[in-house]
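> coords please:
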Amino acid sequence: MTYHLAVDIGASSGRTILGWIDNGKLKLEEIYRFENYIKKEKGTLVWDIKHLVKEVINGIAKCREIGKFPETVAVDTWGVDYVLIDENGKEILPAVSYRDDRTNLVQEEISKVVSQKELYGRTGIQKQNFNTIYQLYCDKKSGKLDNAKCFLMIPDYIAYKLTGVMKNEYTNATTTNLVNAKTKTWDYEIIDRLGIKKDIFFKLSQPKTEIGSFNEKTKMAVGFDCKVICAPSHDTASAVCACPVDDKSVYISSGTWSLIGTENTAPVLSDEALNANFTNEGGINYRFRFLKNIMGMWLFQNIRRNLDKKFTYDDMMNLAMQSTYCEKIDPNAPEFIAPENMIDAVKKYLNNDALSLDSVINSVYHSLAQSYADAVLEIEKISGKTIELINIVGGGSKDRYLNSLTRKYTGKKVLAGPVEATATGNIICQLMYDDENLTLEKARELVKNSLDIKEVD
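Presented below is the predicted three-dimensional model:
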């Protein structure tokens, strides 16, 4: 049996999942799971990257324990964030989280150098306060960039720690707002105009590119050798890779963020797309993910945390279903990015301090479903497509109530699954690396015929 291992890390948790083909069906087995979290360090929200690397090593070592050794491994994570490396190969810490507010003061400054209209016309990436372009500009102003020799997105960095080899993978690099959508390479003109060092970036590598084998330290820690390759290292790119989309369907990659969009072979760079704040992120085989970012399960994750995790997500769903309150919030409002208390933030937004818990949660449910419906209408208007089907993938696809509300608000046919879409896309990219005759279309058909995908009533 030939095994492949997906290292799949989201903003709140990570996992290692083995994949293989058995009797023409794709099989998946989660073998390790760990927490990921933001911590506050000297007033700044940062990632504990030492913890991440340690847990990735633990997750890979689990393969030895169960006697299933992968031939390849690939890493995917969230986008935007990165680690700077100095001339000695050491990290320039901290690795700041996109949820930190340090970028708030530099956006106007950047817009004087390159307008949002020009930036969108070149990169096709929607304006978000935390985009890498703003973070790197902050590092330039603070002097942190002075000693940087290399720039690595989070999955690039983890691959570097496993192999000692540095590469920049294409799909995650597109989330930086610094990759030209037409040339599909770093936009060095913008980088130069902003005074960001050009030589810290590597030539972009496509998914299915080999990075290298485990270095000696990794081999000693996990007990075997293995090739590391580039998956679509942005988690949404991997999720969409596994999603059987066509011109009459949209996907919702439902996790900490809800990413709703369609797949195109060329970027949409119109003023209409700019004004609707849609993004054109890179996908496998130079596909474009024309999508909108909507604050997703992050809202529920924080409500649950505010309740000291006394409720399961199913408990919260059942509470919401008991409520008739459905006044709506804007899920993407700045006050929901990193509030001290999400429940209080929702109450304040709705100007109703007396709201019961079930009403707060129900408001979030209806607000997300409404935002999905609005996004579908925008996609139809801007792209000219007629959407008939919504395919919800990822962990959020398990939420029966949100799936049902999505069907109700959009009026479209809704499919739910696969749940582990991101890891699945990561795995099928490795399968395509292993078998050059396995096309993306065939790989998606394999997913469709192998995993649990259900129509929502």
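> who are the neighbours in contact with the residue nearest to Ile190 when sequence neighbours are not counted?
The shortest distance from Ile190 to any residue other than its chain neighbours is 5.8 Å, reached at Val114 (Cβ to Cβ, 6 or more residues apart in numbering). Using the backbone N, CA and C atoms, a C-beta is placed for each residue, glycine as well. For Val114, the residues meeting the contact criterion (Cβ atoms under 8 Å, 6 or more residues apart in numbering) are 190, 193-194.
> please redo it, this time with the cut-off set to 10 Å
Counting by Cβ atoms under 10 Å, 6 or more residues apart in numbering, Val114 makes contact with 122-123, 133, 177, 187, 189-190, 193-194.
> what comes into contact with the one helix or strand Glu189 maps to?
Assignment of secondary structure by DSSP states H and E places Glu189 within helix 188-193. Judged by Cβ under 10 Å, 6+ apart, the contacts made with helix 188-193 from elsewhere in the structure are 110, 113-114, 118-119, 122-123, 133, 136, 176-180, 187, 196-198, 200-201.
> distance of Lys348 from Asn306?
Here the distance between Lys348 and Asn306 works out to 14 Å (Cβ to Cβ, to the nearest Å).
> Report the set of residues contacting both of those two.
Shared contacts of Lys348 and Asn306, defined by Cβ under 10 Å, 6+ apart, are found at 339, 341.
> neighbour-wise, which of those two wins?
Each of Lys348 and Asn306 has its neighbours counted (other Cβ atoms under 10 Å); Asn306 has more, 17 against 13.
> is it true that the more buried one touches Met316?
No - counting by Cβ atoms under 10 Å, Asn306 stays clear of Met316, with 11.1 Å between them.
> Now the common contact residues for the two.
With contacts taken as Cβ under 10 Å, 6+ apart, the residues that reach both Asn306 and Met316 are 357, 360.
> care to break the chain down by domain?
3-233, 243-417 (automatic domain parsing).
> Of these, give the one that comes closest to Asn426.
domain 3-233 (3.8 Å; Cβ to Cβ).
> Start and end of that closest one, how far apart?
From the first residue to the last, domain 3-233 extends over 19 Å; the measure is Cα to Cα, to the nearest Å.
> these two touch, right, Asp330 and Ser371?
Yes - the pair Asp330 and Ser371 qualifies as a contact (Cβ under 10 Å) at a distance of 7.8 Å.
> Now for these two: what residues contact both?
Common neighbours of Asp330 and Ser371 (criterion: Cβ under 10 Å, 6+ apart): 294-295.
> So for the two, which sits in the more crowded spot?
Just comparing Asp330 and Ser371: by other Cβ under 10 Å the higher neighbour count belongs to Ser371, 22 against 14.
> Quick check: next helix or strand after the helix ranked longest in the chain?
The single longest helix within the chain, with elements called by DSSP state H, is helix 357-383. Reading on from helix 357-383 to the C-terminus, the next helix or strand found by DSSP H and E is strand 389-393.
> residues touching Asn180, list them.
Residues 122-124, 174, 186-190, 267 are the ones in contact with Asn180 under the rule Cβ under 10 Å, 6+ apart.
> hmm, back to that, next, the angle from the longest helix of the chain to strand 389-393.
With axes from the mean of the first three to the mean of the last three Cα atoms, to 10 degrees applied, the angle from helix 357-383 to strand 389-393 works out at 130 degrees.
> How far off centre is helix 357-383?
What separates the centre of helix 357-383 from the centre of its chain is 19 Å, taken as Cα atoms, centre = their mean, to the nearest Å.
> before we move on, what about stretch 285-292?
Relative to where its chain is centred, stretch 285-292 has its mean C-alpha point 13 Å off (Cα atoms, centre = their mean).
> Any buried residues in that stretch, and which?
Judged by neighbour count (16 or more other Cβ atoms under 10 Å), stretch 285-292 contains these buried residues: 287-292.
> May I have that stretch as CSV, with CA atoms only?
Taking only C-alpha atoms (Å, rounded to 0.1, in the frame of the first residue of the first chain), the coordinates of stretch 285-292 have been written out as CSV:
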residue,chain,number,x,y,z
ASN,A,285,-3.0,24.2,-12.3
TYR,A,286,-3.1,28.1,-12.4
ARG,A,287,-6.8,28.1,-11.7
PHE,A,288,-8.2,31.1,-9.9
ARG,A,289,-10.4,31.0,-6.9
PHE,A,290,-12.8,34.0,-7.4
LEU,A,291,-14.2,34.2,-3.9
LYS,A,292,-15.2,36.3,-0.9
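> pLDDT (mean, whole number) over it?
What stretch 285-292 shows for mean pLDDT is 96.
> Start at 41, not 1
Sure, I'll start numbering at 41, so the last one becomes stretch 325-332.
> about what we covered before: of the contacts of helix 228-233, grab the buried ones for PyMOL.
In PyMOL syntax, the buried subset of those is picked out as below (16+ other Cβ under 10 Å):
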select buried, resi 150+154+159+162+163+173+176+216+217+218+219+220+227+236+237+240+241
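> Looking at the contacts of helix 228-233, which are in helices?
Secondary structure assignment by DSSP H places 150, 153, 158-159, 162-163, 173, 176 of the contacts of helix 228-233 in helices.
> Verify the stated contact: Leu309 with Gly164.
Yes - with contacts defined as Cβ under 10 Å, Leu309 counts as touching Gly164 at a distance of 5.3 Å.
> list the contacts for the spatially closest residue to Gln156 that is not a sequence neighbour?
The spatially closest residue to Gln156, leaving aside those adjacent along the chain, is Lys167, at 5.7 Å (Cβ to Cβ, 6+ apart). By Cβ under 10 Å, 6+ apart, the contact list for Lys167 reads 147, 151, 156, 159-160, 173-174, 217, 314, 317, 319.
> nearest to Glu476, of the domains of the chain?
Sorting the domains of the chain by Cβ to Cβ, the top spot, which is the nearest, belongs to domain 43-273 at 9.1 Å.
> from the chain's centre, how far out does the closest one sit?
11 Å.
> Next, the residue of the chain most remote from its centre: secondary structure please.
The outermost residue of the chain relative to its centre, with distances by Cα atoms, centre = their mean, is Ala394 at 35.0 Å. Classification of Ala394 into helix, strand or coil gives coil, according to DSSP: H, G, I helix; E, B strand; the rest coil.
> Would you mind measuring from it to Met382?
Distance from Ala394 to Met382, counting by Cβ to Cβ: 17 Å.
> ok, now Ile300?
Relative to Met382, Ile300 is positioned 21 Å away (criterion: Cβ to Cβ).
> Glu148 too?
Between Glu148 and Met382 the computed distance is 28 Å (Cβ to Cβ).
> which one of the two has more residues nearby?
Applying other Cβ under 10 Å to Glu148 and Met382 shows that Met382 carries more neighbours, namely 23 against 8.
> so where do the helices sit in the stretch 191-340 of the chain?
Secondary structure of the stretch 191-340 of the chain, counting by DSSP state H, counting those that start in this stretch: helices at 194-203, 210-213, 228-233, 256-262, 275-281, 311-315, 337-346.
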